[in-house]
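>>> need coordinates for the below:
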Amino acid sequence: MRQVWIPRPGPPEVLEVREAPDPTPGAGAVRIRVEAAGVNFADIAARLGTYQDCPPMPVVVGYEVAGRVDAVGSGVDRSWEGKDVLAMTRFGGYSDVACVPLPQVFERPSGLDAAAGAALPVNYMTAWQLVVVMGGLARGDRVLIHSAGGGVGVAVTQIARHLGATVIGTASRGKHDFLRALGVDHCIDYRTEDFVARVREITGGRGVELALDAVGGSSFAKSYEILGATGRLGMFGLSAGTTGKDRSRLDFLRAVVAMPWLKFNPVALMNGNKGVFGVNMGRMWDEIDRLRPWMGRILDLWREGVTRPVVDRTFPFSEAAAAHHYLQDRKNQGKVLLVP
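Numbers count the residues shown, from 1 in each chain. Here you go, the predicted structure:
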C-alpha cells in the first residue's frame, strides 16, 4: 500500500509518500481499497504540531475515506466484500488501503461516487452536530457561518436551507458568487468588512440565533456579540492558529490567548439568554452509536437531493503538499481530496 506520512512537524513539503505491505483486517473490521480521502484543517494542525489529539510522529493522518471493501476480518459477514463504502478513520486515512472497524463504515447509496462519499463524514457530521443536534436551528432562524466557502460551510448552508433558515456567510469576495449559487442569503467579505456591523445591519439589530465559528481567537468574542436573545455560539475550530506554513507555536498561542476566556461566564450567559458550545468530531470516537444515526439521516438527505458535497479539487498522493497549501491558503470552494 501507499501512504502519505508526516515524518516531523513542518511546512507542507515535509509530507512523504511511503510504501508498506497491505494490512490484514482484524476482528470486526473491513479492508477498504481507498479511492478518495478527505483533507481537513485538523490535518494541517497535525502537520504543524499543534493538534493535541495527533499520535506521535511519524504519523499518517486522515479522518475519512471512500472506496470498496476487498476483505473482511473475523466476525464480519462476507457480504461486505465488494461493497462501495465511505468510512470514518481515526487517523490513517491518507492511504490507498485502510482497515476500519465495521461500525465506522457506511455503505454508499447507488449514484454516490467515491469523491462525494469521502467529502461527507467530517464536514457533514460536523455540520449536523452544529446545526441540528446542538444548534437547534429552526425555520425562520438566522445562522452566521464563518469560512462559508469551505467544506463545513457548504454542508451547513445546505442543511440550514433545508430547515428553512436564513444563511449569512463570511468569505473572501472572490467566493461570493459561489456562495450565492449555493444558497447563502447574505455574503460578508471578512477581509474588508466588519462582520459584526454587517450582521447587525442585515438583521435589523436583532442578531442571529446561531453563529458557527472555526476561526477562533478574538473571532469567538465577536461572534458571541452578534447573538440575539436565545442565540447560540458553536465553536468548532481554531484556524487563526494555523496561519503560518512552518512549525511555529506562536500563531497558535496568540489565537489561544485572544480567546474570550472571561466573556462566557455563567452570569453573562444567564442575563444574555445566550448559549455557547463546542464541537470536535475527533473526540466522538466512543460515541459511534450516536454518530451512525446522524450519518443515516445525512445519507437520506443525499437521496432527497439536499446534502450534495461540492468537491473543489483532488490531488494525487504525490501532490499532498500542494493539497495542504491549497487548503491552508483558503483557496478552496468546497472539499479538497487526496486520491491514490
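>>> show the secondary-structure elements that the helix or strand bottoming out on mean pLDDT in the chain is packed against.
Within the chain, judged by mean pLDDT, DSSP states H and E, the helix or strand with the poorest mean is helix 249-257; its value is a mean of 73. Of the remaining helices and strands, none touches helix 249-257 by 3 or more CB pairs under 8 Å, 6 or more residues apart in numbering; DSSP states H and E. Yep, even glycine has a C-beta here, placed from its N, CA and C like the rest.
>>> just the helices in this protein please.
In the chain, the helices defined using DSSP state H lie at 41-48, 114-118, 121-128, 151-163, 176-182, 195-202, 219-225, 249-257, 266-272, 288-303, 320-328.
>>> now mean neighbour count too, for the ones you listed, in TSV please.
Output for the helices of the chain, formatted as TSV (neighbours: other CB atoms under 10 Å):
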stretch	mean neighbour count
helix 41-48	24
helix 114-118	23
helix 121-128	26
helix 151-163	25
helix 176-182	16
helix 195-202	18
helix 219-225	21
helix 249-257	15
helix 266-272	11
helix 288-303	15
helix 320-328	21
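>>> which one of those lies nearest to Thr314?
Proximity to Thr314 (CB to CB) singles out helix 114-118 among those, at 6.5 Å.
>>> show me what the closest one is in contact with.
Helix 114-118 has contacts (CB atoms under 8 Å, 6 or more residues apart in numbering) with 35-38, 64-67, 84-86, 108, 308-309, 311, 314, 335, 337, 339.
>>> tell me how far that helix is from the chain's mean position?
Put simply, helix 114-118 sits 14 Å off its chain's centre (CA atoms, centre = their mean, to the nearest Å).
>>> stretch 216-227 now?
How far stretch 216-227 lies from its chain's middle: 20 Å, per CA atoms, centre = their mean.
>>> ok, the residue positioned nearest the centre of the chain - contacts?
Geometric centre of the chain, nearest residue: Asn123, 3.7 Å, by CA atoms, centre = their mean. Residues counted as contacts of Asn123 (CB under 8 Å, 6+ apart) are 38, 40, 151-152, 154-155, 309, 335.
>>> local confidence estimate at the nearest residue to Gly73 once chain neighbours are set aside?
Closest residue to Gly73 apart from its sequence neighbours, by CB to CB, 6 or more residues apart in numbering: Pro25 at 3.8 Å. Note on Pro25: pLDDT of 98.
>>> pull up the gap between Pro25 and Gly204, please.
Separation of Pro25 from Gly204 (CB to CB, to the nearest Å): 57 Å.
>>> next: Leu144.
Leu144 sits 15 Å away from Gly204, going by CB to CB.
>>> between the two, which has more neighbouring residues?
Neighbour tally, Leu144 and Gly204, criterion other CB atoms under 10 Å: the higher count belongs to Leu144, 31 against 7.
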